[in-house]
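**Q** fold the following and give me the result.
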Amino acid sequence: MRSFRTEIENPVVEKDIIELERKIRLFKEGNIDEEKFRSLRLARGVYGQRQQGVQMIRIKLPYGKVSSNQLLRIADVADEYSTGRLHITTRQDIQIHYVDLERTPELWAQLEKDEVTLREACGNTVRNVTASETAGIDPDEPFDVSPYAQAVFEYFLRNPIGQEMGRKFKVSFSASDADTGLSYMHDLGFISKVKNGVRGFKVMLGGGLGSQPRHADTLYEFLPFDKIIPLMEGVIRVFDRYGERKSRAKARMKFLLKDIGLEGFKQLLEEEQKAIPHKTYPIDFETYPKISVTEAEVPKVKIEDGEAFEQWKSTNIVPQKQKGYVAIGIKVLLGDFYTDKARKLARLVERYAAGEIRLSLRQNILIPYVKEELVPFFYQELKKLGFAEPGYNKAFDITACPGTDTCNLGIASSTGIAAELERIIKAEYPQYINNPDVVIKISGCMNACGQHNMAHIGFQGMSIRTKDKLVAPALQVLLGGANFGNGKGRFADKVVKVPSKRGPQALRLILDDYEANGENKRFEEYYAEKGEHYFYDLLKHLSEIENLTPEDFIDWGNTEKYKKEIGVGECAGVIVDLVATLFFESQEKIENAEEALKEKKWAASIYYSYQSMVNSAKALLTAEKTKTNTHASIIKDFDRLFIETGKIVFTNSFEELVLKLNKKAPNEAFAKSYLEDAKWVLQQLEAYRKLELQEA
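**A** Alright, predicted model coming up:
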């Protein structure tokens, strides 16, 4: 594998990529435990695919903003290292697939030439910070949330407090009370507000989707903008210590809130305040890069089909608060497009707009700052790219995750059924081209990457088993989800499970009933009026599995008989001592603490020392086959099993030593003394383990 020491200007990024290269080599040699290596590569955007031996690479694009140069760079990388297909996610990232693991450091190095990162795009980290794609142009917004989303992204990137949590952590910013950033389903959601002339945010905490969706709690009705980063740091510190780590199914923030309640969480948050390095963190929105629109001559165009043009304008033109400009929405089928189109689009917006695009939560593209007189020209150029299909953000616009195409966790095809449902709506329900009130979303499993359980009509990939023990693909039909705005929403009800091939019949029955009886109500209003049992009765006959045909055992988009399976990731080849690996990581964290100390980053150094001590304790508890579900339980169990029994002698309790972390403010003196504590703990615990092995 090649070196990148002379190719990257940013020394922090260079070190990161070299470290990834080194860990890949150690993993291939069998010197790193597979689970530990998985954690490391995920935190660097490298995700195992369903297909063995190749990776999905997730490119982290804060609030979906992509410059022309960045899009061109991404296209070059996708052609060189992948298949040339780009996939827009429901978190405003871009994914590329079928990448060789050993080429990922080189790929990352190429992306960084245009300041595009993979760092923390996956894994138990602070994921991509998402936002309303209309941020900065929304006529209803109190102010542009982009500078604040950017500041959050920058502050928490590589921040030690968010590198190895029990599970991922998701943050969103909504431009206005319409809450198009979907704050109510995020770990932390911010909705822009102005109070007494001060910018700030309504703060939502502990939302989530998955198999057990939870509506976020209101943490603050209004929080001044200079408090949002200190707040988020406190929230992450609490989550890191008290969040579940063993059972992934219970490891999200929403479960911690469910267990201890909002008031209990607030109490833990208060206990962390001394440890937070900044009591306020001003964000200078004035220095955020200004928009520059190219003064290009307006090309003369002749629209051949005026009716089609007017239809497109009615659904794909998005109003913009800046006079004389509009934004253009591009409906991207299933979020997939290719590099040839990406390059032409990048050059188009560079020459005739503001040189940037926004990726949306519905897997689409928005082009801001298009002069009104350029709309016919853009329509003509986008049509050449196949990007002028009407129905942006309307019922025609179905969202779907990759499902069984590439995802390890996929149970049934989401892209296949999505394509079929779009075809049916276009052919049989053309009036829905202008309907924004029926949102359809599909996920290939319960994890809800397609956000199916917040849609008006949602489908979740499942399987069914007949009396003869034959397995067929199935869809859970969910109805009635809605976003009411200002942090309020409703999750869809699970109504009925049907064989996948009956998904189109289910959609027809739902839409036909709505057409006949909806009386101009929004779909969520109609659903609430009729109720879950009404729709269960409407669809129940589709759930019968006694009369399945051979066709029912073949999933959408496939030709072979369905087989429920989970994809296989990489194999380490050699099983290594996990306890030794944990001690090795503790030493690495001490080295990180020393480096942070040299750079005068006191809070970062302290947190690395804290992680080292907890990790060292986890090593001995692992050797004892003791559960290590949370940092808090590790600290208490280590005291119970090792200190109170006299196996290891400390002056005071381990808890008292470790939790100096949140008892003292971060400064140089404490960072140095706490680092010495961490070194001493590692020395004592490694000595105990060595003696234990000698006596075994």
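
**Q** quick check: buried residues in the helix or strand harbouring Ile228?
**A** If you go by DSSP states H and E, Ile228 is part of helix 228-242. Judged by neighbour count using 16 or more other CB atoms under 10 Å, the buried positions of helix 228-242 are 228-242. In short, each C-beta sits where N, CA and C put it, glycine included.

**Q** Glu80 should be in a strand, yeah?
**A** No. Assigned with DSSP: H, G, I helix; E, B strand; the rest coil, Glu80 falls outside any strand and is helix.

**Q** for the helix holding Ile228, what is the average pLDDT?
**A** For helix 228-242, mean pLDDT rounds to 97.

**Q** ok, so of the buried residues of helix 228-242, who is nearest Arg41?
**A** Closest approach between the buried residues of helix 228-242 and Arg41, by CB to CB: Asp240, at 20.4 Å.

**Q** got the phi/psi numbers for the residue nearest to that closest one when sequence neighbours are not counted?
**A** Spatial nearest neighbour of Asp240, excluding adjacent residues (CB to CB, 6 or more residues apart in numbering): Met165 at 5.0 Å. In terms of degrees, to the nearest 10, the main-chain angles of Met165 are phi -80, psi 170.

**Q** just the pLDDT for Met165.
**A** So, for Met165, pLDDT stands at 90.

**Q** and if you look at the one 5 residues further on?
**A** The per-residue pLDDT reported for Lys170 equals 97.

**Q** residue contacts, it?
**A** 91, 127, 130, 186-188, 208 (CB atoms under 8 Å, 6 or more residues apart in numbering).

**Q** which one of the buried residues of helix 228-242 is nearest to Gly503?
**A** Phe239 (37.0 Å).

**Q** surely that closest one touches Phe169?
**A** Yes. The pair Phe239 and Phe169 passes the contact test of CB atoms under 8 Å, sitting 6.7 Å apart.

**Q** between these two, what contacts are shared?
**A** 187, 253.

**Q** outline the domain layout of the chain.
**A** 11-112, 130-287, 306-384, 399-553, 578-695 (automatic domain parsing).

**Q** any chance of a markdown table for those domains, columns distance to Asn393?
**A** Below are these laid out as a markdown table (distance: least, CB to CB, whole Å):
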| stretch | distance to Asn393 |
| --- | --- |
| domain 11-112 | 13 |
| domain 130-287 | 10 |
| domain 306-384 | 6 |
| domain 399-553 | 6 |
| domain 578-695 | 40 |
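
**Q** could you say which one of those comes nearest to Thr294?
**A** domain 306-384 (5.9 Å).

**Q** in the protein, which helix or strand is least confident?
**A** Of all helical and strand segments in the chain, the minimum by mean pLDDT, DSSP states H and E falls on helix 34-42, at a mean of 76.

**Q** what is the subsequent helix or strand relative to it?
**A** Using DSSP H and E, the helix or strand that follows helix 34-42 in sequence is strand 46-48.

**Q** what are the pairing partners of that following strand, and which direction each?
**A** strand 55-59 (antiparallel) (DSSP bridges).
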